[in-house]
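[1] model the structure of this input:
(one chain, ligands or ions: 2)
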Amino acid sequence: MAKRFVIVTGGAGYIGSHTAVTLHEAGFTPVIIDNFSNSKPEVLEGIAKIIGGIPEFHEVDCRSQSVMTDIFQSYAAQGEVIGVIHFAAYKAVGESVKKPLEYFENNIGSTVALLGAMNASGISNLIFSSSCTVYGQPRKIPVNENAPILTAESPYGFTKQACERLIKDACKSNASLSACLLRYFNPIGAHPSALIGELPLGHPSNLIPYLTQAAAGLREPLTVFGNDYPTDDGTCVRDYIHVLDLAAAHVAALQWLEENDASCEAFNLGTGQGKSVSEVIQAFEDANGIVVPYIYGPRRSGDVTAIFADAAKAQRELGWKCERSLEDSLRDAWRWQKKLAE
Ligand code: NAD
Ligand code: UD1
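    Ligands and ions are numbered 1, 2, ... in the order given. As a prediction, the model looks like this:
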């Protein structure tokens, strides 16, 4: 049978590596494209151990449209290229405020180059990694896909809004191009084998990587950013989704694009349940039998009070929903942290 290739830009990264594994399990052949700007070659070894062979890989910067076109065409000659999943981007909100031009150039530039390469190679299905950050603090939660897109709080958030817009416009102008804009809530956890997970590069700014490092005694106690929010326990509320549930949604979206005459659709990917920072700490302690050292500190600028997903559209259209609990995610996150310390 002809191979069914899926191009995975940023496939050596956190979500991309889990999605590559899930694509393989679903019968696709992932083709990873990454420049290791925020990942390491060892990730490919982890993927290889899980799927039983080295994945197809190209060390390339996705901003190079001509190189991407050559790669796409070489796979089209060997089988069918079902679509592209575009994870490659810079993702640190705080850093984006300091280096906005680098964020615009990489995140928007790579998306423009990718669309050009897809066009030149006749590839018609695109899945884009967006974020719930496009909603800011929504007036109504759970938030659905029709909520207004608010002015971005950061250059990072702006790049997600801009890429959504340019993909929408590209779909309008090219009837054969279809896209899913996947708005992720808060991905956490790791593959249960602990062979792949989120690589801690520098000081973690996200909750779970910091929490696991603090629990392992590698960092100062976790600072809970604010306990005076108008929520039940005063701490911020988010929707934490296991990275493998998120990965499965990409396979569902790809199959949906293959089966439907879609143009450009946005989907929220979350559990639909809001959990506060205090609830997450408690759940981590319960799941792993370990105490998390923490203190309360001031609010972090730019944080929204509470957001969680109305993911009914993804369930209805894609036939996808989360299978894993918060405890599963926190157990897998801790197993990964322990593996990193070996
Ligand atoms: P990550 O940094 O772990 O993975 C991104 C990968 O892309 C890295 O391996 C990096 O080396 C690669 N990359 C970056 N620029 C590149 C370029 N120009 N050419 C080739 N490779 C390049 O990030 P992640 O957490 O896996 O996030 C994946 C995507 O999901 C990103 O677009 C991110 O903005 C989005 N997203 C992430 C989260 C989250 O909490 N992790 C939430 C919402 C959206
Ligand atoms: C952040 C980004 C979001 C991005 C996502 C993935 C901001 C404002 N938002 O989401 O745009 O898509 O990361 O990269 O940066 N917390 C603590 N102590 C910590 C770390 C976090 O209390 O040391 C709290 C935060 O206040 C927040 C929750 O934990 O309430 C989750 O934080 P985080 O993991 O950084 O994700 P978001 O801020 O939701």
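[2] wait, Asn174 sits on Asn119?
    Yes. Between Asn174 and Asn119 there is a contact under Cβ atoms under 8 Å: 6.8 Å. Using the backbone N, CA and C atoms, a C-beta is placed for each residue, glycine as well.
[3] and those two? Which one has more around it.
    Each of Asn174 and Asn119 has its neighbours counted (other Cβ atoms under 10 Å); Asn119 has more, 17 against 14.
[4] in what helix or strand does that one lie?
    Assigned by DSSP states H and E, Asn119 falls within helix 109-121.
[5] next one: Glu265
    Glu265 belongs to strand 264-269, assigned by DSSP H and E.
[6] and Asn186, its phi and psi?
    With angles defined as degrees, to the nearest 10, Asn186 sits at phi -110, psi 100.
[7] that one: neighbour count?
    Counted with other Cβ under 10 Å, Asn186 comes out at 22.
[8] for it, give the beta-bridge partners.
    According to DSSP bridges, Tyr240 are recorded as the beta-bridge partners of Asn186.
[9] so who does it touch?
    Contact analysis of Asn186 by Cβ atoms under 8 Å, 6 or more residues apart in numbering lists 206-207, 238-241, 270.
[10] so what's the gap between the strand holding Glu265 and the chain middle?
    Remark: strand 264-269 is offset 13 Å from the chain centroid, using Cα atoms, centre = their mean, to the nearest Å.
[11] ok, then the element right after it?
    With DSSP H and E, the next secondary element past strand 264-269 is strand 275-276.
[12] contact partners of that next one?
    Strand 275-276 has contacts (Cβ under 8 Å, 6+ apart) with 231-233, 235-240, 283, 326.
[13] mind checking which of those are in helices?
    Members of the contacts of strand 275-276 lying in helices (criterion: DSSP state H): 283, 326.
[14] buried among the contacts of strand 275-276? Need that as a selection in PyMOL.
    Buried residues within those, by 16 or more other Cβ atoms under 10 Å, are selected in PyMOL with:
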select buried, resi 231+235+236+237+238+239+240+283+326
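[15] restrict the contacts of strand 275-276 to contacts with ligand 2.
    The subset of the contacts of strand 275-276 within reach of ligand 2, counting by Cβ under 6 Å from any ligand atom, consists of 236, 238.
[16] can I get the contacts of strand 275-276 in TSV with pLDDT and distance to His250?
    Formatted as TSV, these follow (pLDDT from 0 to 100; distance: Cβ to Cβ, whole Å):
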residue	pLDDT	distance to His250
Thr231	97	31
Asp232	98	33
Asp233	98	33
Thr235	98	30
Cys236	97	27
Val237	98	25
Arg238	98	21
Asp239	98	18
Tyr240	98	18
Ala283	98	26
Leu326	98	21
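[17] of the contacts of strand 275-276, closest to ligand 2?
    Nearest to ligand 2 among these is Cys236, at 3.0 Å by Cβ to the nearest ligand atom.
[18] verify the stated contact: the closest one with Gly226.
    Yes. The pair Cys236 and Gly226 qualifies as a contact (Cβ under 8 Å) at a distance of 6.7 Å.
[19] mutual contacts of the two, please.
    By the contact definition Cβ under 8 Å, 6+ apart, Cys236 and Gly226 are jointly contacted by Asp303.
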